[in-house]
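Engineer: Generate a structure from the sequence data that follows.
(chains A, B, C and D)
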Number of protein chains: 2
Amino acid sequence: MTRKNPSLTEPQFFILAALMDGPLHGYGIIKAAETATDGRLRIAVGTLYGALERMERAGLVATDHEEMVDGRARRYYRLTEDGTELLGREALRMQQAAAFVIGRSRNRGVAEA
Amino acid sequence: MTRKNPSLTEPQFFILAALMDGPLHGYGIIKAAETATDGRLRIAVGTLYGALERMERAGLVATDHEEMVDGRARRYYRLTEDGTELLGREALRMQQAAAFVIGRSRNRGVAEA
DNA sequence: GGATATATATCGAGCCTCGATATATTCTCG
DNA sequence: CGAGAATATATCGAGGCTCGATATATATCC
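Structural biologist: Coordinates of the predicted model:
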């Protein structure tokens, strides 16, 4: 997040995307991302907790609440305003980047399916 | 490229995209990426040469030819078939990811402009 | 009883970006 | 004419980020 070109990595993007429908806990985020990508993206646990920590520090997500289930804490995260805004901006940026390539690949052998 | 989720980073994506219109040399790639993103993305030289080397090893780009200009070598890179295919696939993946977020953000406060 | 799913957390290896640094020529503006 | 920017390639170290392994614990399914 402190990078000069602060574009989200794929795991980061789908972590934020998973929180669009409301607060979710770590494992739920992994499952949501997997569903959203038809099983393609499996966010590694090490990636998840590291990314959540960094994103919380950066103010993109916040701890919503904590539940106790079977003696273990389950922490729910939610999108902050900044996180929501960044996610929207990133989606537009990706759409433009994709369109740039797809628009130039007509009749030139680049896979379109 | 040896990663499990081999999604391209933004610099990598635009390096490949810059080569769609034909072979180009290092500095030309940086300028092309800058133009393609309306000045937003400025690929750092360290990023460029490191990425080109890795991508050449991975078979995504190849050295097209070398020119001598004022005693200095200027190396032109071109997309390989694998590179072209990967670029097309990445563009589609990004389009889908973007659509997932944009499709869910109607009337929910996520920036759309 | 073993495997799989649910659930959180940490660590090291290694990948990748970035800015700095180095080197060299050409062009432009004052 | 001299300073600075643009053109051009190349390397290095710091630090950011992902990933798989490892650890821990319960519940369920076979």
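Engineer: Does the residue nearest to A:Ala99 when sequence neighbours are not counted belong to a helix, a strand or coil?
Structural biologist: Spatial nearest neighbour of A:Ala99, chain neighbours left out: B:Gln95 (7.4 Å); criterion: CB to CB, 6 or more residues apart in numbering or on different chains. For every residue, glycine as well, the C-beta is placed using N, CA and C. Following DSSP: H, G, I helix; E, B strand; the rest coil, B:Gln95 is assigned to helix.
Engineer: Contact partners for B:Gln95?
Structural biologist: A:94-95, A:98-99, A:102 (CB atoms under 8 Å, 6 or more residues apart in numbering or on different chains).
Engineer: one more time with 7 Å, if that's ok
Structural biologist: A:95, A:98, A:102 (CB atoms under 7 Å, 6 or more residues apart in numbering or on different chains).
Engineer: quick one: pLDDT of it?
Structural biologist: pLDDT for B:Gln95: 96.
Engineer: Kindly report the same for A:Asp70.
Structural biologist: 67.
Engineer: cool, and A:Phe14?
Structural biologist: A:Phe14 is assigned 97 on the pLDDT scale.
Engineer: is the helix or strand encompassing it up against DNA strand C anywhere?
Structural biologist: A:Phe14 belongs to helix A:10-18 when elements are defined using DSSP states H and E. No: counting by CB under 7 Å from any atom of the strand, DNA strand C is not contacted by helix A:10-18; separation bottoms out at 11.8 Å.
Engineer: That helix and chain B, any residue contact?
Structural biologist: Yes: using CB under 7 Å from any CB of the partner chain, helix A:10-18 reaches chain B at A:10, A:13, A:17.
Engineer: Just the C-alphas of that helix, formatted as CSV.
Structural biologist: Extracted C-alpha coordinates of helix A:10-18, given in CSV (Å, rounded to 0.1, in the frame of the first residue of the first chain):
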residue,chain,number,x,y,z
GLU,A,10,-5.2,-10.3,-7.3
PRO,A,11,-5.5,-11.7,-3.7
GLN,A,12,-5.9,-8.2,-2.3
PHE,A,13,-8.6,-7.3,-5.0
PHE,A,14,-10.7,-10.4,-4.2
ILE,A,15,-10.3,-10.0,-0.4
LEU,A,16,-11.9,-6.5,-0.8
ALA,A,17,-14.4,-7.8,-3.3
ALA,A,18,-15.5,-10.6,-0.9
